[in-house]
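Q: Quick check, what structure comes out for this input:
(2 chains)
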Number of protein chains: 2
Amino acid sequence: MRLIGVGVGPGDPELVTVKGVRVLREASLVVVPVMDAHERGRAEATVRAHVDREPLRLVFALDDRGGATAERLSAWEAAADRVAQELRDGAESVAFATIGDPNIYSTFTYLADAVRERLPQVQVSTVPGITAMQDLAARSGTVLCEGTESLALLPLTAGLEVFEQALTHFDTVVAYKGGRHMPRVRTLLQQLGRLDDAVYGAALGLPDEQVGPLPEDASPYLSTVIVPARDRVSRGSKINPRGDL
Amino acid sequence: MRLIGVGVGPGDPELVTVKGVRVLREASLVVVPVMDAHERGRAEATVRAHVDREPLRLVFALDDRGGATAERLSAWEAAADRVAQELRDGAESVAFATIGDPNIYSTFTYLADAVRERLPQVQVSTVPGITAMQDLAARSGTVLCEGTESLALLPLTAGLEVFEQALTHFDTVVAYKGGRHMPRVRTLLQQLGRLDDAVYGAALGLPDEQVGPLPEDASPYLSTVIVPARDRVSRGSKINPRGDL
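A: As a prediction, the model looks like this:
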């Protein structure tokens, strides 16, 4: 019995790999995480673009702002119970579609741990997926790193100090999960003279996509900020209109 | 006229996105970088798995160990001359297939700059691709980051000091371009008590794939080392045999 975490990219249904599509189609059951059982999630939309069978929705807290709260833990436990039951009931393989990459800030990590607790013999695998960082780089015409430059990736939920330290020690810095921290991020970047070069993105590849300068107000939880290496000349490549390619 | 950098992933022909395949198929001309005009490169193998037309080989120095040497600069110049000529001669779009992601340590950055110098009106776009870091994470069963953990990515050509600093300030550290630095990397990780958790990979998705502990000797230039966050319990997931998925 197998549990496979499949990265389906940030939102654009075409940003899933050929391998991801094949694994989703071959799986006995495809599971998609949703915030609400009656709502189509971002991962589900990409799955439906490539797989004919009906995916199983599992209510899962994607937002980990509050740490491992009792409510979120119980959602994971219930999701793991259901996946383990499907595997016990004869599903040879369960594919869990996760936005982005299953090994980068993914709820798949928690699900896999919880399923493994229930079924130690389960074989866990992952298929990589395009991250929001990479999609924002492409959509905004921003080079992430070249030559000997270093790149730091961190969630703003780790604290603004970690972000500031990264800006000091690293060339390009990418921050996820801006949310309510965004106004402070903006102020900090302005003080450091790096606001004008920074690029912000949210809902990448979706109808309400935002790509451009940092907003002044709080942003969605699933948002991305790229602060390119200082002193690197802006490549001047134009931001692609959505759907351009 | 358009120049599009398409990330084709680290080597496994299935690790290209659906969008990447479409853009390669739709382009007027597909260009692949090779080290030698008579040799099939890694990007070309993935292109040939999905595109029927013959790609154009451009000799390009992938190895930037020595900085911008005269030889490498002249290879880029010649490549840019040829791409600019194809666009002037009527090619509506040229797709350049690059291993990994076109915005992460990619030769595409240099090519795009050089083509833009020759044809300021060219529109440059990119399609993201799976990086070696993500593929090694998947193939070795290594979670890159979860929760509030930070991730640092750097080339060892930046110096071992930068790598050591990253190990101090960041949770998970990923190093590219180990090459001849690998023995010193190994010694440093042993001193820091982090060697046993580290994972090494080279030729990912290719017949001579290596995934496992760090080698004692020098490694290929295109190699990857993941040093997972300290204190994170190893997930214990088994390394997938090649071709497993």
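Q: so what's the residue nearest the centre of chain A up against?
A: Centroid-nearest residue in chain A, with Cα atoms, centre = their mean: A:Gly100, separated by 3.8 Å. Residues near A:Gly100 by Cβ atoms under 8 Å, 6 or more residues apart in numbering or on different chains: A:Gly7, A:Gly9, A:Pro10, A:Ser106, A:Gly129, A:Ile130, A:Thr131, A:Ala132. Heads up, the C-betas are built off the backbone N, CA and C, glycines and all.
Q: Who does it form a beta bridge with?
A: A:Gly9 (DSSP bridges).
Q: and it, how far is that from B:Pro128?
A: Distance, A:Gly100 to B:Pro128, using Cβ to Cβ, to the nearest Å: 11 Å.
Q: Which residues are in contact with each of these two?
A: A:Ile130.
Q: A:Gly7 - nearest residue in space that isn't next to it in sequence?
A: Counting by Cβ to Cβ, 6 or more residues apart in numbering or on different chains, A:Gly7 lies nearest to A:Gly129, which is 1.8 Å off, once chain neighbours are set aside.
Q: how much space is there between the one you found and A:Val59?
A: On the measure of Cβ to Cβ, A:Gly129 and A:Val59 end up 21 Å apart.
Q: A:Val34 too?
A: In terms of Cβ to Cβ, A:Val34 sits 6 Å off from A:Val59.
Q: any chance you could map the strands in chain A?
A: A:2-7, A:29-34, A:56-59, A:93-98, A:123-127, A:151-155, A:172-176, A:199-202, A:210-212, A:223-227 (DSSP state E).
Q: which regions of chain A sit below the pLDDT cut-off?
A: A:61-69, A:72, A:232-244 (pLDDT under 70).
Q: Using the record, which stretches count as separate domains in it?
A: A:2-127, A:132-227 (automatic domain parsing).
Q: tilt between the longest helix anywhere in chain A and strand A:93-98?
A: In chain A, assigned by DSSP state H, the helix with the most residues is helix A:70-88. Interaxial angle, helix A:70-88 versus strand A:93-98 (axes from the mean of the first three to the mean of the last three Cα atoms, to 10 degrees): 150 degrees.
Q: Which elements pack onto helix A:70-88?
A: Helix A:70-88 is packed against strand A:29-34, strand A:56-59, strand A:93-98, helix A:107-118, with contacts defined by 3 or more Cβ pairs under 8 Å, 6 or more residues apart in numbering or on different chains; DSSP states H and E.
Q: run the last query once more with 10 Å
A: Secondary-structure packing of helix A:70-88 (3 or more Cβ pairs under 10 Å, 6 or more residues apart in numbering or on different chains; DSSP states H and E): strand A:2-7, strand A:29-34, strand A:56-59, strand A:93-98, helix A:107-118.
Q: Export these to TSV and append columns for mean neighbour count.
A: Compiled in TSV, these are given as follows (neighbours: other Cβ atoms under 10 Å in any protein chain shown):
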stretch	mean neighbour count
strand A:2-7	26
strand A:29-34	23
strand A:56-59	17
strand A:93-98	27
helix A:107-118	21
